[in-house]
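>>> Structure of the sequence below:
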Amino acid sequence: MANYIAGVDIGGTSVKFGVLEEGRNLVYRMSAPSVLDNPDGMVELIAGMVENCPHKIDMMGVGTPGTVLLPQNLVSAANLGWRNVPLCAMLNRRLKIPIWVDNDAQTQLAAEWWDGACKGLQSAVYLTFGTGVGGAFLFNGRPWRGHTNTAGELGHFIIHADGLPCTCGLKGCYEAYASAGALCRMARRDNAKEIIDAARDGDPDMLAVFRAYLHEVAVGIASIYMLFCPEAIVLGGGISASGDILLRTLSEELEKVSPSKGRAIANLVCLAVHRNDAGIRGAAALAATNL
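Numbers count the residues shown, from 1 in each chain. As a prediction, this is how the structure comes out:
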């Protein structure tokens with residue numbers, strides 16, 4: 001195994017960068033605002049992080065929103081303004097180190113499978129709630145991606161027929177109702193964390209909005225359970241940082257959505273162990289495993 005492995009977690013708002021020693025201990029971390037609609041600018045941002053890091057990087061894993069189409073490694077991500085971007089090849093040319101590029105939900109699942117909430121499980125669904133909504137599957141003890149490497153786009157399964165328009169071009173997608181942006185739209189505020197903090201502090205208006213938002217989250221989770229019946233449903237992404245108020249209120253909404261199975265489903269829901277570091281850790285773990 002390489003001595004120092006970098007993990008990069010690209011998001012619609014920020015890019016997180018970390019270095020793991022021997023693939024385990026996080027020894028360095030930084031972040032910067034994302035560069036949108038400019039793949040070359042994103043490559044330069046990541047290259048700068050590598051070059052300014054105090055450790056010599058032996059290899060790197062990168063998690064990105066959207067789809068990563070194999071074998072060409074082409075990335076399409078609506079919230080980054082990318083279509084068929086050869087991100088791995090661009091980074092290879094710029095940095096000249098081995099690089100693994102994957103979907104961000106897949107990298108976060110990898111972190112939880114490696115040594116987190118999914119360790120030792122045979123089946124699990126991972127959901128990440130942030131700028132968008134991502135998903136990934138664990139079947140038979142291994143991550144499952146489908147034959148095109150694009151399975152698990154749970155942000156874009158439809159929960160409302162002919163519902164709100166989504167960035168992907170469909171209508172009624174889960175992401176349009178369950179992302180951090182959806183929460184902000186419902187509250188008519190710009191910052192999801194401030195909404196959740198206000199709800200936690202007892203603001204009746206924000207608590208009502210947060211509950212309505214989690215009702216939509218619960219609809220999707222109940223549907224996912226009925227499709228896959230996993231051992232665990234693991235929640236990650238920025239929204240998961242709300243912690244107890246999320247789990248408690250979501251449990252109540254699951255019982256409303258599915259009176260017969262809601263409590264059983266709620267018992268399977270847990271928070272990702274690595275929270276905001278999951279993307280970094282999982283990207284590095286996938287690089288170590290695949291390279």
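>>> for this structure, what's the longest helix?
Determined from DSSP state H, the single longest helix within the chain is helix 204-228.
>>> can you pull the buried residues of that one?
For helix 204-228, the neighbour count (16 or more other C-beta atoms under 10 Å) marks 206-207, 209-210, 213-225 as buried. Backbone N, C-alpha and C define where each C-beta goes, glycine included.
>>> Tell me the helix or strand right after it.
Of the helices and strands lying after helix 204-228 in sequence (DSSP states H and E), the nearest is strand 233-236.
>>> Could you list the paired strands of that following strand along with their orientation?
Strand pairing for strand 233-236, determined by DSSP bridges: strand 124-129 (parallel), strand 269-271 (parallel).
>>> Is there a neighbour count for residue 160? I'd like the number.
Residue 160 sits with 14 neighbouring residues when counted by other C-beta atoms under 10 Å.
>>> Which helix or which strand is home to it?
Per DSSP H and E, there is no helix or strand for residue 160.
>>> Skipping adjacent residues, who's closest to it in space?
residue 172 (3.8 Å; C-beta to C-beta, 6 or more residues apart in numbering).
>>> ok, now residue 213?
residue 183 (4.7 Å).
>>> Just checking the distance from the helix or strand where that neighbour lies to the centre of its chain.
Counting by DSSP H and E, the element that carries residue 183 is helix 180-187. Remark: helix 180-187 is offset 17 Å from the chain centroid, using C-alpha atoms, centre = their mean, to the nearest Å.
>>> tell me what that helix is packed against?
helix 192-200, helix 204-228 (3 or more C-beta pairs under 8 Å, 6 or more residues apart in numbering; DSSP states H and E).
>>> Near residue 161, how many residues? Count them for me, please.
Neighbour number of residue 161 under other C-beta under 10 Å is 7.
>>> Could you check what's spatially nearest to it, not counting adjacent residues?
Residue 161's closest residue in space is residue 172 (C-beta to C-beta, 6+ apart), at 5.8 Å.
>>> pretty sure residue 261 is touching residue 222, no?
Yes: with contact defined as C-beta atoms under 8 Å, residue 261 reaches residue 222; the gap is 7.3 Å.
>>> State whether residue 91 is indeed within a helix.
Yes: applying DSSP: H, G, I helix; E, B strand; the rest coil, one finds residue 91 inside a helix.
>>> Run through the residues that contact the nearest residue to it once chain neighbours are set aside.
Nearest non-adjacent residue to residue 91, counting by C-beta to C-beta, 6+ apart: residue 99, 5.0 Å away. Going by C-beta atoms under 8 Å, 6 or more residues apart in numbering, residue 99 touches 59, 60, 61, 62, 88, 91, 92, 287.
>>> from those residues, which is closest to residue 107?
When the contacts of residue 99 are compared for distance to residue 107 (C-beta to C-beta), residue 61 wins out at 6.8 Å.
>>> Strand 124-129 and the helix or strand that contains the closest one, what's the angle between them?
Here residue 61 sits within strand 59-64, counting by DSSP H and E. Put simply, strand 59-64 runs at 70 degrees to strand 124-129, going by axes from the mean of the first three to the mean of the last three C-alpha atoms, to 10 degrees.
>>> Quick one: mean pLDDT over strand 59-64.
Here strand 59-64 scores 96 as its mean pLDDT.
>>> gap between that strand and the chain center?
That offset, for strand 59-64, works out to 14 Å (C-alpha atoms, centre = their mean).
>>> what does stretch 64-74 give?
Put simply, stretch 64-74 sits 15 Å off its chain's centre (C-alpha atoms, centre = their mean).
>>> Contacts for it next, please.
Here stretch 64-74 has contacts from 10-12, 75-80, 82, 84-89, 101-104, 131-132, 134, 148-150, 153, using C-beta under 8 Å, 6+ apart.
>>> Mind giving me the PyMOL command for buried ones among the residues you listed?
Buried residues among the contacts of stretch 64-74 (16+ other C-beta under 10 Å), as a PyMOL selection:
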select buried, resi 10+11+12+75+76+77+78+79+80+82+85+87+88+101+102+103+104+131+132+134+149+153
